[in-house]
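Engineer: Sequence and predicted structure below; questions after.
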Amino acid sequence: LHSTRTDMWSMIHDFGASVVLALDCQENDFYWPIEEGSTITYSPFTIRCNQVEDLTSYITKYQLEVKKHNQALDVTLLYLDWRTDDVGPVSDLLQLYAIVHSLEKGLDDIYPIVVQCKTGYERSGLYCIMSNAIKMLKAERRVDVYQCVQTARTRRPQFIKSLNQYRFIHDAVKVYISKQ
């Protein structure tokens with residue numbers, strides 16, 4: 001929603017989030033400048049696009065500078081062009097996870113990553129639970145997808161509403177394991 005764009009940038013700036021994942025915006029929903037050198041203002045924020053890089057045919061990386069008064073924050077925004085109404089290919093989300101994981105290595109653990117989708121739960125929920133399941137697998141050398149879903153649902157009850165989404169998480173973990 002256009003009316004929440006200032007709130008979105010306020011959250012990103014106030015929490016120092018240096019990575020933002022935009023999972024299903026349509027071109028007219030973009031809340032960031034999409035051309036190098038261009039700016040957008042949502043008072044009191046000015047967002048400047050310093051660099052655009054197509055990482056794959058469906059993932060675009062935007063290097064942004066977010067200014068509020070005299071304070072600037074560098075933000076990497078990854079846009080996933082999620083064209084299907086369903087869960088989409090497991091490989092797409094796993095590739096996004098790999099890119100985010102490479103960015104996380106340079107971040108302090110206290111800074112959050114913002115994961116955003118239109119509904120606030122469908123695609124962002126898939127990404128967050130898949131990411132948590134992979135992190136559980138790495139830390140404990142086992143994973144309980146059901147527990148990952150239940151834990152996420154304590155805060156966001158809308159996460160993973162269909163069997164197809166649940167299967168997607170299982171499939172993503174299986175593919176991830178097979179590539180290790």
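Structural biologist: Okay, I see it.
Engineer: When you work out contacts or count neighbours from here on, use the C-alpha atoms and nothing else.
Structural biologist: OK.
Engineer: Which element, helix or strand, includes residue 134?
Structural biologist: According to DSSP states H and E, residue 134 maps onto helix 122-140.
Engineer: next SSE after that helix?
Structural biologist: Using DSSP H and E, the first helix or strand after helix 122-140 is helix 145-153.
Engineer: what does that next one contact?
Structural biologist: 129, 132-133, 159-160, 169-170 (Cα atoms under 8 Å, 6 or more residues apart in numbering).
Engineer: of those, closest to residue 104?
Structural biologist: residue 132 (13.9 Å; Cα to Cα).
Engineer: Not counting its neighbours along the chain, what's nearest the closest one?
Structural biologist: Closest residue to residue 132 apart from its sequence neighbours, by Cα to Cα, 6 or more residues apart in numbering: residue 148 at 6.8 Å.
Engineer: what's the angle from the helix or strand bottoming out on mean pLDDT in the chain to helix 122-140?
Structural biologist: Ranking every helix and strand in the chain by mean pLDDT, DSSP states H and E puts helix 90-104 at the bottom, with a mean of 88. Between the axes of helix 90-104 and helix 122-140, defined by axes from the mean of the first three to the mean of the last three Cα atoms, to 10 degrees, the angle is 60 degrees.
Engineer: how about helix 90-104: buried residues?
Structural biologist: 90, 92-94, 96-97, 100, 104 (16 or more other Cα atoms under 10 Å).
Engineer: next helix or strand past it?
Structural biologist: Using DSSP H and E, the first helix or strand after helix 90-104 is strand 113-116.
Engineer: what about that following strand, average pLDDT?
Structural biologist: Mean pLDDT, computed over strand 113-116, is 91.
Engineer: List the buried residues in that strand.
Structural biologist: 113-116.
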